[in-house]
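Chemist: The following block contains a protein sequence and its predicted model.
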There are 2 protein chains.
Amino acid sequence: MGEMAVNRVLERLQQANCKMTPQRMAVLQVLEENQGRHLTAEQIFLMVKHRMPLIGMATVYRTLELFAGLGVLNKASFDEARFRYEFGEEDRHRHHHLMCVECGEIAELEEDLLHSLERQVEESGFQVLDHALVIYGRCARCRGLA
Amino acid sequence: MGEMAVNRVLERLQQANCKMTPQRMAVLQVLEENQGRHLTAEQIFLMVKHRMPLIGMATVYRTLELFAGLGVLNKASFDEARFRYEFGEEDRHRHHHLMCVECGEIAELEEDLLHSLERQVEESGFQVLDHALVIYGRCARCRGLA
DNA sequence: AGAGATAATGAGAATCATTATCGCTGACTG
DNA sequence: CAGTCAGCGATAATGATTCTCATTATCTCT
Ligand SMILES: [Mn+2]
Ligand SMILES: [Mn+2]
Ligand SMILES: [Zn+2]
Ligand SMILES: [Zn+2]
């Protein structure tokens, strides 16, 4: 379970001439056990700290930066004053998010529905590399719809 | 020129039981003279400071927060560590942005091409209130295309 | 005009997230 | 067994934003 995720990270670390360390492994495990969530650095730090009490915040930030650079972690902004991180497959940066303005919950929209839009944009001479779409609103639960 | 923008702000200020002050007017003028741009608080502060040297940063932040609350100023995040502000018509929150990762320039996409996407989302029970779409890439100029 | 009530301001401190610095340790190299 | 050096933790520093508080401007009612 999670083998492949860990292996992918190990592979990328080697390619980048970086080592796997106990700290990095602890962060990796937390990320992997929380796939699908969109965590803040602080949330990640607290979870890692739980299993490795001596780890420092700076190491967590460094590791997040490293993993993001390796392309296995997505660092994203949701119009808050801080970043959130989501672990996952390489190509997951092309999905969208629904954020509930009431409870803060972030859900995902699996399909990438922007292909035609991006094609239009490229016709104007702008080379599209990535995109970020967040839809704000109220989730079904907060609306009392079941 | 810019009459209507100023008038709209005056109107909203009254509705909210707030006064127009020289400081707020200075910020407003700077915003209005820079319509179409996506400025940081610091950029705005420097421009305002130029015409009102005694103004403080805190007042600028307070005013930006106030204007955003009045719905005449859009406070947006572009995956940087700070916010940018754009002044404009009330409904301009439904447009999209193209950000060049090389020069940082932000261009706009006038059409809102997300209606069908949002309709789909609403079918899932999520009530859409707003959205933010930023497309990252390289602008024509940075690509050397004329 | 004067007095009091209240809103707004400017300076600077405080806060929050993030990044840089630095001395140390521990794993590999030769 | 040194020697090197990436990675570490503690802590200081930074940058953006917000808060606090004493002072000032504005408004209202005499
Ligand atoms: Mn996601
Ligand atoms: Mn815009
Ligand atoms: Zn909700
Ligand atoms: Zn460019």
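Modeler: Now that the structure is in, tell me what you want to look at. Ligands and ions are numbered 1, 2, ... in the order given.

Chemist: what is the orientation angle of the helix or strand of chain A with the lowest mean pLDDT with helix B:115-123?
Modeler: Counting by mean pLDDT, DSSP states H and E, the weakest-scoring helix or strand in chain A turns out to be helix A:115-123, with a mean of 88. Inter-element angle recorded for helix A:115-123 and helix B:115-123: 150 degrees (by axes from the mean of the first three to the mean of the last three C-alpha atoms, to 10 degrees).

Chemist: Now tell me what touches helix A:115-123 from outside.
Modeler: With contact meaning C-beta atoms under 8 Å, 6 or more residues apart in numbering or on different chains, helix A:115-123 is reached by A:128, A:131, B:98, B:109, B:113, B:135, B:137. C-beta coordinates here come from the backbone N, C-alpha and C atoms, glycine included.

Chemist: how about the spatially most central residue of chain A, secondary structure?
Modeler: A centroid search over chain A (C-alpha atoms, centre = their mean) returns A:E86, at 1.7 Å, as the residue closest to the centre. Secondary structure for A:E86, judged by DSSP: H, G, I helix; E, B strand; the rest coil, is strand.

Chemist: separation between it and B:E111?
Modeler: 29 Å (C-beta to C-beta, to the nearest Å).

Chemist: Repeat that for A:R24.
Modeler: For A:R24, the distance to B:E111 - C-beta to C-beta - is 44 Å.

Chemist: So between those two, which is more surrounded?
Modeler: Higher neighbour count among A:R24 and B:E111: A:R24, with 20 against 11, using other C-beta atoms under 10 Å in any protein chain shown.

Chemist: where along chain A do the helices fall?
Modeler: Here chain A has its helices, by DSSP state H, at A:3-15, A:22-33, A:41-51, A:57-70, A:115-123.

Chemist: Now the last one - C-alpha only, CSV.
Modeler: Once side chains and other backbone atoms are set aside, the C-alpha atoms of helix A:115-123 remain, and they are given as CSV (Å, rounded to 0.1, in the frame of the first residue of the first chain):
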residue,chain,number,x,y,z
HIS,A,115,-9.1,21.9,-23.1
SER,A,116,-11.1,23.9,-25.5
LEU,A,117,-10.6,27.1,-23.5
GLU,A,118,-6.9,26.5,-23.5
ARG,A,119,-6.8,25.9,-27.2
GLN,A,120,-8.5,29.3,-27.7
VAL,A,121,-5.9,30.9,-25.5
GLU,A,122,-3.0,29.4,-27.3
GLU,A,123,-4.3,30.8,-30.6
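
Chemist: Tell me the buried residues in it?
Modeler: If you call a residue buried by 16 or more other C-beta atoms under 10 Å in any protein chain shown, then helix A:115-123 has these buried ones: A:117-118, A:121.
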